[in-house]
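> just coords:
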């Protein structure tokens, strides 16, 4: 991620953060064709001819339906040359999922200022949705609910620069504010195991999130860049008087600082934590939050002879 994209992404997150905090963010409505496709897929009387006629109105949905129908996963001996054939091959449930995914991507993941970041987030979200669906199928859960839980679990990343809390809490608050069902809200809140949950969809999405994140090529950040970021955190902290050692942990989401018990007291240790946090905010660009913990320990040793 270059500096220009990082800066624009931060600006975008600040914009979203302000809108969410002021309760002025309105999620865009579902496109008419996508909404009609999803509605038809829930009706028992819908056939492939009726569904394909509606899909034909939206070029993006139609092209994606044909592409999936002719993909390796679904291709038959004869390629699909019409939308009606493609709808018959894929079935109502998959057509509904394609329409949902196309609509969400077009309305929420299409900002040109941070295209690379949004593309990576979109790919991860879609794969998490499909992993969630397949796990739900194996566990005899509602696959439609599972797909939406996986698709929306990281929505809080849009504003985690500016609002208090990590992206799970921010995403859950946003989804709850806009009336999403409890399973989807809870999946966003607990997919990093930050809370104890008995909701099966939250556990399911946490598993799907790990599967998507561990796929080959998902983490493209080089080792050199990772080490450089850790060193930046530690070097800034070590520049403050009274700091003896600093250790970046949790992939840079937390910093542990060891302060000298001789040169600092409790008040100075608290000030060191505040000053380091302020220095990070002024000098670095990073997603989410960085937790700074300053430890001041006095040890007294005697030897008994």
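Good, I have the coordinates. Since the structure is predicted, the reported quantities are computational estimates derived from the model, not experimental observations.
> avg pLDDT for stretch 292-305?
Mean pLDDT, computed over stretch 292-305, is 86.
> same check, this time on stretch 193-208
For stretch 193-208, mean pLDDT is 83.
> list the buried ones in that stretch?
For stretch 193-208, burial by neighbour count (16 or more other Cβ atoms under 10 Å) applies to 197, 199-208. Glycine gets a C-beta too; all of them are placed from N, C-alpha and C.
> please apply the same query to stretch 43-63.
Applying 16+ other Cβ under 10 Å to stretch 43-63 flags 46, 48, 51-52, 54-55, 58, 60-62 as buried.
> which pair of the residues you listed spans the longest distance?
46 and 60 (20.7 Å; Cβ to Cβ).
> what does the domain assignment say about this structure?
Residue ranges for the domains of the chain, per automatic domain parsing: 31-108, 111-220, 223-296.
> quick one: the first one to chain centroid distance?
On the basis of Cα atoms, centre = their mean, to the nearest Å, domain 31-108 is displaced by 26 Å from the centre of the chain it belongs to.
> now do stretch 139-153, average pLDDT.
Stretch 139-153 shows a mean pLDDT of 87 in the predicted model.
> now residue 300, what are its backbone angles?
According to degrees, to the nearest 10, the main-chain angles of residue 300 amount to phi -130, psi 130.
> over to residue 248?
Main-chain dihedrals, residue 248, degrees, to the nearest 10: phi -80, psi 130.
> for the stretch 201-305 of the chain, what spans make up the helices?
Secondary structure of the stretch 201-305 of the chain, counting by DSSP state H, counting those that start in this stretch: helices at 223-238, 266-283.
> lowest-confidence stretch among these?
Among the helices of the stretch 201-305 of the chain, helix 223-238 carries the lowest mean pLDDT (a mean of 83).
> ok, residues contacting that one?
Applying Cβ atoms under 8 Å, 6 or more residues apart in numbering, the external contacts of helix 223-238 come out as 243, 245-248, 251-252, 255, 257, 276, 279-280, 283-284, 290, 292.
> cool, and stretch 38-57?
30, 33, 36-37, 61-62, 65, 82-88, 92-93, 95-96, 99-100.
> again, 10 Å this time
30, 32-34, 36-37, 61-66, 82-100, 103, 144 (Cβ atoms under 10 Å, 6 or more residues apart in numbering).
> which one is the residue minimising distance to the centre of the chain nearest to, not counting chain neighbours?
In the chain, the centroid-proximal residue (Cα atoms, centre = their mean) is residue 154; its distance is 2.5 Å. Spatial nearest neighbour of residue 154, excluding adjacent residues (Cβ to Cβ, 6 or more residues apart in numbering): residue 125 at 5.7 Å.
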